[in-house]
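A.B. asks: Here's a sequence, model it:
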Amino acid sequence: MIESLGQFARGTLLGFSIAAPVGPIGVLCIRRTLAEGRATGLATGLGAAVADGLYGAAAAFGLTWLTEALVGHATWIRLAGGLFLLYLGIATFLAKPASEAAQAGGAGLAGAFGSTFVLTLTNPMTMLSFVAVFAGLGLGAAGAGAGAAAVLVAGGVVGSAAWWLLLSAGVDRLRHRFDANAMGWVNRISGVVIMAFAAWSLMGAMGGRS
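C.D. replies: You can find the predicted model right below:
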């Protein structure tokens with residue numbers, strides 16, 4: 001029991017640490033929280049957390065066939081992710097500030113979740129980072145305990161979700177300070193930042209093809 005709790009705690013810390021650096025998902029989470037509220041921001045982050053959990057499970061349970069498939073098609077996967085990220089960046093840049101906060105409905109939350117879920121899955125480096133970390137922890141090899149792997153992955157998802165909950169809740173407290181003009185600037189700046197991430201991803205993909 002104590003060993004499982006320790007494994008879960010390590011997974012939670014790992015998931016929190018992987019999620020915390022501000023990348024394109026973080027920018028989307030901040031912008032959507034400001035524009036549409038905490039629930040939409042949290043749904044955005046949870047999409048990434050679940051995708052991280054799937055990659056983490058593949059790494060922890062030693063699904064080498066999946067790792068090899070991702071590595072073998074990493075260039076095309078990254079190219080698709082970069083194009084999707086570019087689309088999100090342009091859409092964010094051109095978005096018109098709403099006159100009032102949108103109500104978070106099922107379709108809106110599902111869209112926020114789904115977009116970042118797909119975006120995270122199109123980043124093979126996420127998978128490789130989990131493989132490296134879990135290999136260092138002694139997981140993912142033949143004979144490694146399935147129970148320990150499951151606990152660690154569950155902790156990783158909880159840790160990642162905790163970060164997105166903290167980020168969306170913190171940003172939500174600032175929403176009242178942003179009027180339509182300020183939100184217009186948030187959309188434009190967020191769009192430019194996301195497009196910069198897209199350009200970096202596309203250049204990396206094209207470089208991998210040369």
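
A.B. asks: Please, where are all the helices along the protein?
C.D. replies: Remark: helices assigned in the chain by DSSP state H are 2-19, 24-36, 38-60, 64-72, 74-94, 106-121, 124-136, 146-172, 180-209.

A.B. asks: Centre-most residue in the protein?
C.D. replies: For the chain, the residue lying nearest the average C-alpha position, counting by CA atoms, centre = their mean, turns out to be Ala48 (3.0 Å).

A.B. asks: Mean pLDDT added to the helices of the chain, as CSV?
C.D. replies: Output for those, formatted as CSV (pLDDT from 0 to 100):
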stretch, mean pLDDT
helix 2-19, 78
helix 24-36, 89
helix 38-60, 87
helix 64-72, 63
helix 74-94, 81
helix 106-121, 86
helix 124-136, 64
helix 146-172, 87
helix 180-209, 81
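
A.B. asks: which residues touch stretch 198-210?
C.D. replies: Stretch 198-210 is contacted by residues 24, 74-76, 78-79, 81-83, 85-86, 88-89, 123 when judged by CB atoms under 8 Å, 6 or more residues apart in numbering. In short, each C-beta sits where N, CA and C put it, glycine included.

A.B. asks: what comes up buried for it?
C.D. replies: For stretch 198-210, the neighbour count (16 or more other CB atoms under 10 Å) marks 198, 201-202, 205 as buried.

A.B. asks: Would you point out the most distant pair within the residues you listed?
C.D. replies: Greatest spatial distance among these (CB to CB): Ala198 and Ala205, at 10.4 Å.

A.B. asks: out of the buried residues of stretch 198-210, who's nearest Ala169?
C.D. replies: If you rank the buried residues of stretch 198-210 by distance to Ala169 using CB to CB, Ala198 comes first, at 27.6 Å.

A.B. asks: So that closest one versus Leu109, what's the distance?
C.D. replies: The gap separating Ala198 from Leu109 is 24 Å, by CB to CB, to the nearest Å.

A.B. asks: Over to His176?
C.D. replies: For His176, the distance to Leu109 (CB to CB) stands at 22 Å.

A.B. asks: And these two? Which one has more around it.
C.D. replies: The neighbour count for His176 versus Leu109, taken as other CB atoms under 10 Å, is higher for Leu109 (18 against 7).

A.B. asks: contacting residues around that one?
C.D. replies: Applying CB under 8 Å, 6+ apart, one finds that Leu109 lies in contact with 39-40, 43.

A.B. asks: Drop anything exposed from the residues you listed.
C.D. replies: The neighbour-count criterion (16+ other CB under 10 Å) marks 39-40, 43 among those as buried.

A.B. asks: Any chance of those residues in a markdown table with distance to Gly147 as columns?
C.D. replies: Output for those, formatted as a markdown table (distance: CB to CB, whole Å):
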| residue | distance to Gly147 |
| --- | --- |
| Ala39 | 34 |
| Thr40 | 36 |
| Ala43 | 30 |
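
A.B. asks: State whether Gly26 and Leu167 are indeed in contact, as I suppose.
C.D. replies: Yes - counting by CB atoms under 8 Å, Gly26 sits close enough to Leu167 to count as a contact (7.0 Å).
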